[in-house]
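Task: produce atomic coordinates for the following.
(one chain, ligands or ions: 2)
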Amino acid sequence: MEKVFFRKAEYDYNVLKPLVFEMIDSAGTFSVGKGTRVLIKPNLLLPAKPETAVITHPLVVKAAAEYVLEKGGRVTVSDSPAVGLFGKILKDGGYRKAFEGLDVEFKEFKTSVEVNIGEPFGFIDMAKDALEADAVINIAKLKTHAQMLLTLGVKNLFGCIVGLKKPEWHLRSGIDREMFARLLVSIHRAVSPQMTIVDGILGMEGQGPGKGGIPRKIGVLAGGSSAFAVDVTICKMLGADPDSLPTNRAAKELGLTSYDVEITGDYKVINDFLFPVQDPVTFGPKPVHRILRRHLVQRPAADKKLCKLCGECWKYCPAKAILHDKEKISFDYDKCIRCYCCIEICPEGALKAVETFPGKIIRRLLL
Ligand code: SF4
Ligand code: SF4
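Ligands and ions are numbered 1, 2, ... in the order given. The predicted structure follows:
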């Protein structure tokens with residue numbers, strides 16, 4: 001049976017450091033010695049201050065890095081952000097300041113190697129540094145996700161797909177949420193981190209995972225050797241059926257988790273966590289999917305007052321479904337695959353997923 005550890009925590013380094021050390025020791029599967037090359041993969045989505053809850057808090061990452069350094073290992077902190085310069089993310093996110101004086105390398109994922117992640121995907125390009133490290137510590141942020149419900153330990157490793165290959169994979173998975181979940185699980189399996197920690201001290205609820213979400217103080221760190229078990233348990237903590245998270249279902253189908261988890265520590269169910277509204281993305285025979293998508297599924301929409309026409313969303317959109325002129329952006333909802341990447345990466349929090357009128361009626365009838 002997998003073990004998951006919950007610890008009440010806050011962003012006070014004197015409190016945090018011993019908790020993280022104890023959590024890694026308790027998991028018992030992370031072995032580091034002199035010269036071991038350890039890669040830490042936080043969530044560094046875009047330039048954002050820690051109080052927005054968009055990125056993993058630097059102090060959680062610092063504690064894990066110090067653990068490795070104290071054992072004689074070498075630490076690299078890496079990610080492939082969706083938007084913005086890596087250096088700016090480190091500065092705005094408080095990483096530069098938090099890591100002052102520590103012998104830690106920060107390195108953006110840039111180079112890919114091909115790896116076979118199994119059917120139906122086959123060989124895909126993934127970050128070389130993540131695959132070639134001696135050990136990986138996966139440190140995710142607890143956030144809602146308009147498309148995938150939540151982004152936790154498993155989804156965090158989608159950042160090991162370098163740069164614009166990410167939207168390409170969104171497009172290849174299309175509107176099929178189950179297929180995308182299977183992709184995420186397969187990527188996670190290829191990286192195979194020895195330890196996963198989820199930073200839920202300040203999590204995010206509502207329309208995450210970008211700046212449109214609402215920071216929510218939860219006050220816990222969760223961790224264990226299996227990200228699948230960690231994700232299953234966090235769903236339970238948030239009052240959700242673990243099967244409601246597509247990556248949990250995909251991992252169960254692939255035999256990677258049985259949902260049978262031993263929980264220890266400060267675990268308390270939260271009953272009022274605000275999830276994003278989820279639709280059945282498509283149903284019925286395939287020929288009608290396009291029509292259903294057009295009329296029923298939540299669609300991205302812009303708040304014109306907040307949009308600064310910065311161009312990040314239309315540059316990133318995998319389906320090239322965002323149109324723009326000098327005054328506003330608009331959407332081609334026939335092309336849009338409802339991946340909500342635009343919502344995730346908008347630096348102004350100007351985009352939201354909104355229900356269509358017929359979609360709202362049908363959801364109420366079905367749910
Ligand atoms: S919606 Fe956001 S990302 Fe898109 S142009 Fe406006 S501010 Fe930029
Ligand atoms: S418009 Fe937004 S939700 Fe639609 S495909 Fe483009 S990025 Fe995805």
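
switch to C-alpha atoms for all contacts and neighbour counts from now on
Noted.

Is stretch 211-218 positioned near ligand 2?
No. Remark: stretch 211-218 sits outside contact range of ligand 2, by Cα under 6 Å from any ligand atom, the gap being at least 13.7 Å.

what's in contact with that stretch?
51-54, 144, 200-208, 343-352 (Cα atoms under 8 Å, 6 or more residues apart in numbering).

Next secondary structure after the worst-scoring helix or strand of the chain on mean pLDDT?
Within the chain, no helix or strand scores below helix 289-295, which has a mean of 67 by mean pLDDT, DSSP states H and E. Using DSSP states H and E, the helix or strand that follows helix 289-295 in sequence is strand 299-302.

Please name every helix or strand in contact with that following strand.
Contact partners of strand 299-302 among helices and strands, from 3 or more Cα pairs under 8 Å, 6 or more residues apart in numbering; DSSP states H and E: strand 329-331, strand 351-354.

Does the shortest one reach ligand 1?
No. Under the criterion of Cα under 6 Å from any ligand atom, ligand 1 is not reached by strand 329-331; the shortest gap measures 6.7 Å.

Can you confirm whether the helix or strand that that strand is followed by lies near ligand 1?
Using DSSP H and E, the helix or strand that follows strand 329-331 towards the C-terminus is helix 341-345. No. Helix 341-345 lies apart from ligand 1 when judged by Cα under 6 Å from any ligand atom; the minimum separation is 6.6 Å.

still on that earlier bit, among the contacts of stretch 211-218, which ones are buried?
52-54, 144, 200-208, 343-352 (16 or more other Cα atoms under 10 Å).

Output the below-cut-off pLDDT ranges for this structure.
Scanning the chain for pLDDT under 70 picks out 279-294, 363, 366-367.

what does it put close to ligand 2?
Checking the chain against ligand 2 by Cα under 6 Å from any ligand atom, the hits are 300, 317-319, 321-322, 336-342.

Make CSV out of the residues you listed and add distance to Pro242 and neighbour count.
Listed next are the residues of the chain next to ligand 2 as CSV, based on distance: Cα to Cα, whole Å; neighbours: other Cα atoms under 10 Å:
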residue, distance to Pro242, neighbour count
Pro300, 26, 21
Cys317, 30, 22
Pro318, 29, 25
Ala319, 30, 20
Ala321, 32, 16
Ile322, 34, 21
Cys336, 28, 22
Ile337, 25, 24
Arg338, 23, 25
Cys339, 21, 25
Tyr340, 22, 24
Cys341, 23, 23
Cys342, 26, 26
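
now, among those, which is nearest to Ser80?
Cys341 (14.6 Å; Cα to Cα).

Need the nearest residue in space to that closest one, chain neighbours excluded.
Among residues not flanking Cys341 along the chain, Cys317 sits closest, at 6.8 Å (Cα to Cα, 6 or more residues apart in numbering).

what do you get for Lys268?
Per Cα to Cα, 6+ apart, closest to Lys268 is Met237, 6.2 Å.

So what does the one you found look like in phi/psi?
Backbone geometry at Met237, expressed as degrees, to the nearest 10, gives phi -60, psi -30.

With ligand 1 as the reference, measure out to it.
Going from Met237 to ligand 1 by Cα to the nearest ligand atom, to the nearest Å gives 32 Å.

can you pull the contacts of that residue?
The contact partners of Met237, by Cα under 8 Å, 6+ apart, come to Tyr267, Lys268, Val269, Ile270.

Which stretches in the stretch 201-350 of the chain count as helices?
227-237, 246-253, 289-295, 312-316, 341-345 (DSSP state H, counting those that start in this stretch).

Can you add distance to Lys110 and give those helices back as TSV?
Below are those laid out as TSV (distance: least, Cα to Cα, whole Å):
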stretch	distance to Lys110
helix 227-237	25
helix 246-253	26
helix 289-295	35
helix 312-316	17
helix 341-345	19
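
what does this protein have sitting close to ligand 1?
So the chain meets ligand 1 at 302, 307-313, 346-348, 350-351 (Cα under 6 Å from any ligand atom).

Rebuild the residues of the chain next to ligand 2 as TSV, extending it with distance to Val220.
Shown next, in TSV, are the residues of the chain next to ligand 2 (distance: Cα to Cα, whole Å):
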residue	distance to Val220
Pro300	31
Cys317	34
Pro318	35
Ala319	37
Ala321	38
Ile322	38
Cys336	36
Ile337	34
Arg338	31
Cys339	29
Tyr340	27
Cys341	27
Cys342	29
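
nearest to ligand 1, of those residues?
Within those, the smallest distance to ligand 1 is 6.6 Å, found for Cys342 (Cα to the nearest ligand atom).

what's near enough to touch the nearest residue to that closest one once chain neighbours are set aside?
If the residues on either side of it in the chain are set aside, Cys342 comes closest to Cys313, at 4.9 Å by Cα to Cα, 6+ apart. Taking Cα under 8 Å, 6+ apart, we find Cys313 in contact with Ile322, Cys341, Cys342, Ile343, Ile345, Cys346.

I appreciate the help and will end here.
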